[in-house]
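A.B. asks: the following comprises the amino acid sequence and a computationally predicted model.
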Amino acid sequence: MSITKPLLLAAATVTLGACATIPKPLEGNFTPVTTASAQQGGAGGTKVRWGGEIIKTEPGPQETCFYILSQTLDSQARPSGDKSDNQGRFVACREGFYDPEVFTRGREISVTGTIHGTVSQKVGDFDYAYPRVEADVVYLWPKRVVYNYPPGYYDPFWGPGFGPYWGGPYWGGWGGYGGYYPRRVIVVPRPVPRR
């Protein structure tokens, strides 16, 4: 039984993991304060790096405020992209104009800045206390591109392309010749244009 392919797969995974770095503007040391704890007060003046999905973007005369559904950040400081990973909400405001047609609802964003109290706004009929971040960095992530491949798509690391030992007749359960291959989704980020 050849172990070359599993070793190559492991090496590729380690190499890709090493490439996962935080973008320069988002680097730094930040206090691990959650939006939920910031809602209770007492975190004013704390430097944070938060992110999530934009709910709405509101430009004002001097600054633009981003209302954000908070999510856990991954090793690149990018929001997880998982809507079930709800960490509450927060608002981040930064000096200048940011176009709501670019910073649209649903886009992923990470910010760094300092907590300055809370802002109360209605969510339905509920008065919600948004922790407010005075942002020094607003980082809009590129849209995730989703490719849907049909069942049975050839991939050397899945199903019959992996040989008779992995997913073949010797392993039974998943894959195998003539077996069922679940639909997979591959996500590839597009490069973000620099401002």
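C.D. replies: All right, it came through fine. Residues are numbered from 1 along each chain as shown.
A.B. asks: mind listing the helices for this structure?
C.D. replies: Secondary structure of the chain (DSSP state H): helices at 4-18, 35-39.
A.B. asks: bridging residues for the nearest residue to P25 once chain neighbours are set aside?
C.D. replies: Leaving aside its sequence neighbours, P25 sits nearest to V137 (CB to CB, 6 or more residues apart in numbering; 4.8 Å). Yep, even glycine has a C-beta here, placed from its N, CA and C like the rest. Beta-bridge partners of V137, counted by DSSP bridges, are T112.
A.B. asks: got a pLDDT number for V137?
C.D. replies: We have a pLDDT of 95 for V137.
A.B. asks: tell me how many other residues crowd it.
C.D. replies: When neighbours are defined as other CB atoms under 10 Å, V137 has 17 of them.
A.B. asks: returning to that earlier point: weakest of the helices of the chain by average pLDDT?
C.D. replies: Across those, the lowest-scoring stretch is helix 4-18, with a mean of 53.
A.B. asks: contacts only, for A129.
C.D. replies: Applying CB atoms under 8 Å, 6 or more residues apart in numbering to A129 gives the contacts Q39, T118, V119, S120.
A.B. asks: sorry, that was for C93
C.D. replies: Shown in contact with C93 (CB under 8 Å, 6+ apart): E63, T64, C65, F66, R132, V133, E134, A135.
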